[in-house]
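Engineer: Dropping a prediction and its sequence here:
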Amino acid sequence: MQESQASLRHSLLTSLLHSPQGHCRIQRQPTTEVVTRHTPRRLLCFSPAPSVFARLRFLRSSARFCLLRLCRPGLLGSAVPRLSLPPPRASSASASPSSSCWQLFEAQLVPKLCSLSPVACSATVNTATTPSWKIVPDSVSGFLLLLLRRLLVESLKKGLGFCAEHTIPMEAQQILSRFCPKPSSLLLPSHKKLHTLPCVGLKNLGIQRLGCSYTEGKKKRVFCVRRTIGEEAAEVKVGATMPARRKKLAVFVSGGGSNFKSIHEASLKGLLHGDVLVLVTNKHDCGGAEYARNNGIPVVLFPKVKDGSDGLSPSELVDTLRSFQVDFILLAGFLKLIPVELIQAYEKSILNIHPSLLPAFGGKGYYGLKVHKAVIASGARYTSRQTSHAVSLELSHFVWETGPTIHFVDEHYDTGRILAQRAVPVLANDTAEELASRVLKEEHRLYVEVVEALCEERIVWREDGVPLIRSKDNPNEFC
Ligand SMILES: Nc1nc2c(c(=O)[nH]1)N[C@@H](CN(C=O)c1ccc(C(=O)N[C@@H](CCC(=O)O)C(=O)O)cc1)CN2
Ligand SMILES: NCC(=O)N[C@@H]1O[C@H](COP(=O)([O-])[O-])[C@@H](O)[C@H]1O
């Protein structure tokens, strides 16, 4: 069954692509408006049918027929469990329309389009949640192709109506991790803003960029655009803040991996602007490694086991992470010392979570349950507020607390710059296990919040070397 559908898609793509002239445009909204571009783009071609009307009939019937079949649920993402598109995160008031369009465009559809071909259709019709994309021929040579465009739009409308419930396969959502740096934008004569993203998937088709343009408050549309050699790309930055490129993450574990799992799940839900691409562990059979294998995430063994050939050396580990184009390393219950080679290769890019309020209860020997046992045994008490001579003793009260710390990693255990902490109460009759469980819940929340900021490039360094997290809602404030 799959084969026939794949060959069907191929025949449609071939028929659309191998002819001397023609154009395609992926439109975000059903519209008859044609954006006049300041330089014509040769995009895609349609096969020269014996006669004009035969061509139209051929294209209309083949497009409509193939799209109906292409869009049939289960076709495009057959090998991978299907996920319906998560509704886009409510963009903060400050986010411009373009950025929400861009987030939808970059995160949820470009990967699919680029991986499958510009002929694929997808998504649903409600612009408030997920975009509807149409592929229509856009003529720069006369009414013929405009007529063709209208015919195909009609076909697609009917075809896409069939796709309304169509979901994006998970593979498309993971393809985005191969996507490119910051989108740039092209100012169109009518002051519309076109944001384009290099599109690796279609290079062999001569299509190098996909773009998302918008006019304030109006409809949005998406183009597939080809830059012919020598053509000047008048790309200029626009003021609108654009989300950074999605980040590539590596997670290091030695045990159960609950922090790793909460980060991975947050990424799949669209809460993080990043993806976990590789798991590193010193215990290939630990819970975190098991979870990674069950979710298609490559597992790498580090460090080398003493007498065995398995495992990577520090330099091999650096090379491996570079091959995945990893941006950030997240330690989550990893119990081995990170070598200086890795710290130098990933400066200010390695985070660790520790289950106490550092600098208390940190360093060599302080890991896992040992940390919580030490906290309980110490009877450590922190005043909840500054006591001063003026404040009588009965007003100051002792609060017994601990909690997770997230810090940058340097060459020693737990001595790197602290980025975030959160207080968790210690109850008088707590066992180490009960306290560990309470702290772990807070770890999961705190680590996802910090990784979210990391992926959105909201971590800044103060002049005295202290890292701060810029508020998501108000860039002038810090968490
Ligand atoms: N260069 C760094 N490497 C690591 C750091 C760090 O801050 N800098 N953090 C640790 C995680 N961690 C605390 O957060 C930590 C892990 C393990 C130990 C420890 O004492 N380990 C034992 C060996 C334990 C074992 O193999 O089962 C030891 O070294 O003797 C302390 C702190 C991760 N790496
Ligand atoms: N010093 C390092 C250390 O103790 N890390 C701690 O190991 C646990 C791993 O749990 P997880 O594997 O379920 O994420 C977490 O509590 C983490 O803070």
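Structural biologist: Everything's here; your move. Numbers count the residues shown, from 1 in each chain. Ligands and ions are numbered 1, 2, ... in the order given.
Engineer: Check whether stretch 326-339 comes near ligand 1.
Structural biologist: Yes - judged by C-beta under 6 Å from any ligand atom, stretch 326-339 and ligand 1 are in contact via 331, 334, 335, 336, 337, 338. Every C-beta, even on glycine, is put in place using the N, C-alpha and C of the backbone.
Engineer: how much space is there between the closest residue to ligand 2 within the chain and residue 273?
Structural biologist: Residue nearest to ligand 2 within the chain: residue 333 (2.6 Å; C-beta to the nearest ligand atom). Using C-beta to C-beta, to the nearest Å, we find residue 333 at a distance of 24 Å from residue 273.
Engineer: what does the stretch 201-350 of the chain have sitting close to ligand 2?
Structural biologist: Counting by C-beta under 6 Å from any ligand atom, the residues of the stretch 201-350 of the chain near ligand 2 are 253, 255, 256, 257, 258, 259, 332, 333.
Engineer: among the residues you listed, who's most crowded?
Structural biologist: Greatest neighbour count in these, by other C-beta atoms under 10 Å, goes to residue 253: 28 neighbours.
Engineer: Dihedrals phi and psi, that residue?
Structural biologist: phi -130, psi 160 (degrees, to the nearest 10).
Engineer: and it, what does it touch?
Structural biologist: 259, 260, 279, 280, 281, 286, 288, 289, 332, 333, 334 (C-beta atoms under 8 Å, 6 or more residues apart in numbering).
Engineer: got it, and residue 455?
Structural biologist: So residue 455 contacts 244, 246, 247, 249, 272, 273, 274, 328 (C-beta under 8 Å, 6+ apart).
Engineer: residue ranges with poor pLDDT in this structure?
Structural biologist: Within the chain, the set of residues satisfying pLDDT under 70 comprises 1-244, 380-399.
Engineer: switch to 90 and redo it
Structural biologist: Across the chain, the ranges flagged by pLDDT under 90 are 1-244, 304-310, 379-400, 428, 475.
Engineer: Next to ligand 1, which bits of it? Give me the list.
Structural biologist: Contact residues (C-beta under 6 Å from any ligand atom) of the chain with ligand 1: 331, 334-338, 352, 354, 364-367, 409, 411-414, 416.
Engineer: Kindly supply the ChimeraX command isolating those of these that are buried.
Structural biologist: Only the buried members of those end up in this ChimeraX selection, burial being decided by 16 or more other C-beta atoms under 10 Å:
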select :331,334,338,352,354,366,367,409,413,414,416
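Engineer: rewinding a little: tell me the one among the residues of the stretch 201-350 of the chain next to ligand 2 nearest to ligand 1.
Structural biologist: Of all these, ligand 1 sits closest to residue 333, with 7.7 Å by C-beta to the nearest ligand atom.
Engineer: hang on, the closest one packs against residue 288?
Structural biologist: Yes - checked against C-beta atoms under 8 Å, the pair residue 333 and residue 288 is within contact range at 7.4 Å.
Engineer: what's the overlap in contacts for the two?
Structural biologist: What both residue 333 and residue 288 touch, as defined by C-beta under 8 Å, 6+ apart, is the set 253, 254, 255, 256, 257, 260.
Engineer: Relative to residue 375, how far out is the third one?
Structural biologist: Put plainly, it is residue 255. 19 Å.
Engineer: number of nearby residues for residue 296?
Structural biologist: Around residue 296 there are 10 residues (other C-beta under 10 Å).
Engineer: now do the one 10 residues further on
Structural biologist: Under the neighbour criterion other C-beta under 10 Å, residue 306 is assigned a count of 6.
Engineer: mind starting the numbering at 43 from now?
Structural biologist: Understood, numbering begins at 43; the last thing we discussed is residue 348.
Engineer: residue contacts, it?
Structural biologist: Not one residue lies near residue 348 by C-beta under 8 Å, 6+ apart.
Engineer: So which of the residues of the stretch 243-392 of the chain next to ligand 2 belong to strands?
Structural biologist: Those of these mapping onto strands are residue 295, per DSSP state E.
Engineer: Please flag which of the residues of the stretch 243-392 of the chain next to ligand 2 sit within helices.
Structural biologist: Within these, residues falling in helices by DSSP state H are 300, 301.
Engineer: and which of the residues of the stretch 243-392 of the chain next to ligand 2 is nearest residue 352?
Structural biologist: Relative to residue 352, the closest of those is residue 295; by C-beta to C-beta it sits at 16.7 Å.
Engineer: following the longest helix seen in the chain, which helix or strand shows up next?
Structural biologist: Criterion DSSP H: the longest helix present in the chain is helix 474-497. Under the assignment DSSP states H and E, the closest C-terminal helix or strand after helix 474-497 is strand 501-503.
Engineer: quick one: contacts of whichever helix or strand comes after that following strand?
Structural biologist: Remark: after strand 501-503, the chain's next helix or strand is strand 509-511, criterion DSSP H and E. The contact list for strand 509-511 (C-beta under 8 Å, 6+ apart) reads 390, 450, 459, 461-462, 492, 495, 500-504, 520-521.
Engineer: Can you turn the buried part of those residues into a PyMOL selection?
Structural biologist: Here is the PyMOL command that selects the buried residues among the contacts of strand 509-511 (16+ other C-beta under 10 Å):
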select buried, resi 450+461+462+492+495+500+501
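Engineer: okay, the contacts of strand 509-511 in CSV with distance to residue 475 next?
Structural biologist: Converted to CSV, those look like this (distance: C-beta to C-beta, whole Å):
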residue, distance to residue 475
390, 35
450, 29
459, 31
461, 27
462, 25
492, 25
495, 31
500, 35
501, 33
502, 38
503, 38
504, 38
520, 35
521, 30
